[in-house]
Every structure is written in C-alpha cells, then in structure tokens.
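Student: Sequence unavailable; structure follows:
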C-alpha cells in the first residue's frame, strides 16, 4: 500500500493490540470505548481485512492482526523513545537571549548562583543586540528592553531604568563643574548620536540635536562606552544600575545632577506555552527575586526608578 491508513486509526490499533483490550485502550487514549471500536473498524475497512476477533467481552488479534501488531507497536515505541529523548535534552538546557550589555554587566557575573541552585540544568547565554525570534533561534526566554509588548510572547517586568551621563572623576575634575544640560551639550560626549542622549536631553529640556555637539568617539555598545568613560575619554550616557559596581568603586561619577527614567524597561519574556516549564519557571523566579532584592536595597531609587 503506497498510502498510509489514517494515523489516528493506527494509533488506536497500536494501543488496542498492545493491551488486547478496547476498554484499557480507551482509558489510555482518553477516548470512549465506542470511539476505539469505530477507529478499529475504520482501519479494518481501509485494509479490507479483520484485525480483531470478538469473543464475548474479549477481543483477540486475528492472524493478520498478530502479523502487523509487532511492527506497529515497535514503531510507536521508537517514536515514544525519540520524543522522550528530545524532551529530556530540551528540559536540561536553558537558552537565554539578551543584549551584550546586560550579559556582560549583569547576567554573566551572577549566572553562577543560578547554576549552583540548579546543577542539572545547563545554561547557554546568547548575547546579541538584535531582537531574535525565540522559536527560530531555539531560545527559551529573553531579557528585553521595551514597553512590555512583543507579539506572541508573555512579558514580566523586572525593573525600570535610569539614564545618567557618566564620566571618570579625573575627567570631571579637569572639565567640571558642569552647570546644566545645555553646558554638557557642548562638551565631548561618547557616541553623541546614541538614542539615549536624545532621551536624556529631551527630558532635561534641551531642544538641540545631541549629534550637533562637538565630534565624539562612536562606539557600538554600552560596555565600550562605559569603559571609555572610565578611561577618561569623555562622558557616556549609561544605564546607571548596570554600572553600580563601578560607581561604588569610585571609577564613575555622574557628570551633573539629573534624574531621567529611560523610556524602555527590562522585561523577561517567553512563549505562553513555556510559562510553567520547570526551567523557565526556575529562571523567572530567580531573576525576579534578584531584582526585587536590588530594588529593596535601593530605597531612594537612585539606581532603579519606581513606578510613576
């Protein structure tokens, strides 16, 4: 036969043949006994031969039924084993997507604590600034900056972010004090066309285009901008929370007083069907607790702004 019989009927036959009982097959498959009988009859009519013989309340395989049953049962066993192995592999590897800055500055120094709590779970961090399609990229969840709306994904807020112009203490001693945002606009800034500069200047009431200031060094990541600022190369516009360790160590200072909350916030996102999978739930609970602790340790909201 070049065309397979209906797979739904083959599936019912496999259970009935393996259990040699229509009632038990119905219970295993979540069907009624009448539905099992119908599917078996449909298969027999398609093949043009009897697969079971009825003996009172019992059903027995016919000679043809005994001939094909081991082949079908073995095929379904192999499928069960294949899917079980696939599920096992998938359940023991957690793949996380996030930006390079978040990976380098926050996640990488802390992920070991999560790993120690879940030693049977391998973690893979996929760091790139482009927004990836989780399904196509084989990613379980992502940490994203935005407003919490991504098609086909659930999002849970982790924190709001504060933007601040940062520089080294030595640079500020040479070039400061900086009286206001308009004065800062005329000073050397790192990546002057960064969209965060636009946000910050707009919030500070400066209408001039940030890119119209003096020429600056263009860098393609917050990590490089922060390191350049530490090295005394100018002022960088940074997510203050990600640089808390450097601020606490005295490597970075705010170039001037300001309090600007970034338009985008940090969210953990994942497909709805994955919300209760053990690995996604474990990481979601862990990172949510980490940010809850960070917020509690920052009662004045210097690093992590509160809801408006």
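Tutor: Noted; the coordinates are in hand. None of the values given here were measured: they were computed from a predicted structure.

Student: Helices along the protein, start to end?
Tutor: Here the chain has its helices, by DSSP state H, at 7-19, 22-29, 33-47, 63-91, 100-102, 108-117, 134-137, 169-175, 181-185, 195-203, 222-230, 244-248, 278-296.

Student: Show me what the second one is packed against.
Tutor: Yep, that's helix 22-29 we're talking about. helix 7-19, helix 33-47 (3 or more Cβ pairs under 8 Å, 6 or more residues apart in numbering; DSSP states H and E). Using the backbone N, CA and C atoms, a C-beta is placed for each residue, glycine as well.

Student: Turn the ones you listed into JSON lines, including mean neighbour count and distance to residue 175.
Tutor: Below are these laid out as JSON lines (neighbours: other Cβ atoms under 10 Å; distance: least, Cβ to Cβ, whole Å):
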{"stretch": "helix 7-19", "mean neighbour count": "19", "distance to residue 175": "74"}
{"stretch": "helix 33-47", "mean neighbour count": "17", "distance to residue 175": "80"}
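
Student: want to throw the ones you listed into TSV with distance to residue 137 and mean pLDDT?
Tutor: Formatted as TSV, the helices and strands packed on helix 22-29 follow (distance: least, Cβ to Cβ, whole Å; pLDDT from 0 to 100):
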stretch	distance to residue 137	mean pLDDT
helix 7-19	30	88
helix 33-47	39	89
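
Student: quick one: low-confidence parts of the stretch 51-200 of the chain?
Tutor: Residues of the stretch 51-200 of the chain meeting the criterion pLDDT under 70: 57, 81-90.

Student: rewinding a little: which one of the helices and strands packed on helix 22-29 lies nearest to residue 214?
Tutor: Residue 214 lies closest to helix 7-19 among the helices and strands packed on helix 22-29, at 69.7 Å (Cβ to Cβ).

Student: From the chain's centroid, how far away is the closest one?
Tutor: 38 Å (Cα atoms, centre = their mean, to the nearest Å).

Student: With stretch 260-268 instead?
Tutor: Taking mean C-alpha positions (Cα atoms, centre = their mean), stretch 260-268 and its chain are 17 Å apart.

Student: What are the buried residues along that stretch?
Tutor: 260-268 (16 or more other Cβ atoms under 10 Å).

Student: And stretch 23-32, by the same measure?
Tutor: Here stretch 23-32 shows 25-26, 29, 31 as buried, counting by 16+ other Cβ under 10 Å.
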